[in-house]
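Undergrad: For reference, the sequence and a predicted model appear below.
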Amino acid sequence: MSYLNYLIGAYAVFAVVMLWDLLAPRLQIRRELRAARLRKGRAAKRAQPVELSR
Amino acid sequence: MNPVLLWFHQLGSPPVFDRFAARWAPWCHGIALAVMAVGLWQAFQVPADYQQGDSFRIFYIHVPSAMLSLSIFAVMAAYSAIALIWRIKLCEILAMACAPIGAAFTVITLVTGSIWGKPMWGTWWDWDPRLTTELILLFLYLGVIGLYNAIDDRRTAARAAGFLAIVGVALLPVIKYSVVWWNSLHQGQTISLFGESKMDASMALPFWLMFVGVQFWFAGSLLVRARADNLRREAGKDWVARLVAQP
């Protein structure tokens, strides 16, 4: 196959950029959901009645 | 109310959109990967070009990406216009989700074009009208992304970046007709969506498969990115708390 190095280079760029486009927003969603889970945990902790003891 | 119209109105609700995007994005990406896999397999089955040899196979990723880089900008401007006129929040989110995807496909176009140009033209880069205008398109995408992230208030940021997207649409016909209006190193139009293509039919099938594949890819990426931005904007709302509470 002629110009094989150029072909590999071009297709590698295509694959890498597509992979970034696939993964980056999914990681962002995971971060947002994790932050929401932590927020919910903190809110639940605040809502618990604190028993005072001597 | 018409059920389709009702569904469309409901889709504007952040929790409904979140469910919709979470459900359909994997399907879009799955179809895109399947169609592109067949397209790429076909791309390596067709005979080599009599002048360009096997380097012409870069065409199958370069041209669909280039076409998509232009059409994403038009879609982004259309969403921005709708968001500015009717103040629909989901359209702001969708418009801003278009920008990084468009930038990614513009980068693919420029880099694969450069790699193709080296053996064919003897240079990685030339300040040719088509190449230069495509580079300006990348700067416009980066401008939209930068402006959106530079302003704290999401709605104000989307409006400001939306204006830039609408103004930037003027560049699209310049890119498309640059090979017609000026003497260009870049070859003229080979593929036409509505007219006759200059490419042999045996070489055209992989192109159309890749073209369909990248459209599905764009739909999937748009849904995922819009979902991420939607979650970021809606952080702290009850529906997000209920979402994370689900097993």
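TA: Structure received. Residues are numbered from 1 along each chain as shown, chains lettered A, B, ... in the order given.

Undergrad: use CA for all of it now, contacts and neighbours both
TA: OK.

Undergrad: can you give me the mean pLDDT across stretch A:41-52?
TA: Taken as a whole, stretch A:41-52 carries a mean pLDDT of 80.

Undergrad: Same question for stretch B:36-44.
TA: 95.

Undergrad: Show me which residues of that stretch are buried.
TA: Using 16 or more other C-alpha atoms under 10 Å in any protein chain shown as the test for burial, stretch B:36-44 gives B:36, B:37, B:39, B:40, B:42, B:43.

Undergrad: which one among those residues gets closest to residue B:227?
TA: residue B:36 (24.2 Å; C-alpha to C-alpha).

Undergrad: So the closest one versus residue B:159, what's the distance?
TA: 35 Å (C-alpha to C-alpha, to the nearest Å).

Undergrad: buried stuff in whichever strand or helix holds residue B:113?
TA: Using DSSP states H and E, residue B:113 maps to helix B:89-121. Buried residues in helix B:89-121, counted by 16+ other C-alpha under 10 Å: B:89-117.

Undergrad: From those, list the ones also adjacent to chain A.
TA: Filtering those for neighbours of chain A using C-alpha under 8 Å from any C-alpha of the partner chain leaves B:101, B:104, B:108, B:111, B:112, B:115, B:116.

Undergrad: any idea of the mean pLDDT in stretch B:227-238?
TA: Taken as a whole, stretch B:227-238 has an average pLDDT of 92.

Undergrad: Just the endpoints, please. Distance across that stretch?
TA: Using C-alpha to C-alpha, first and last residues of stretch B:227-238 are 16 Å apart.

Undergrad: How about residues contacting that stretch?
TA: A:25-26, A:28-29, A:32-33, A:36, A:39, B:14, B:17-18, B:21-22, B:93, B:97, B:154, B:240 (C-alpha atoms under 8 Å, 6 or more residues apart in numbering or on different chains).

Undergrad: and these, which of them are in strands?
TA: Applying DSSP state E to the contacts of stretch B:227-238, no entry is found in strands.
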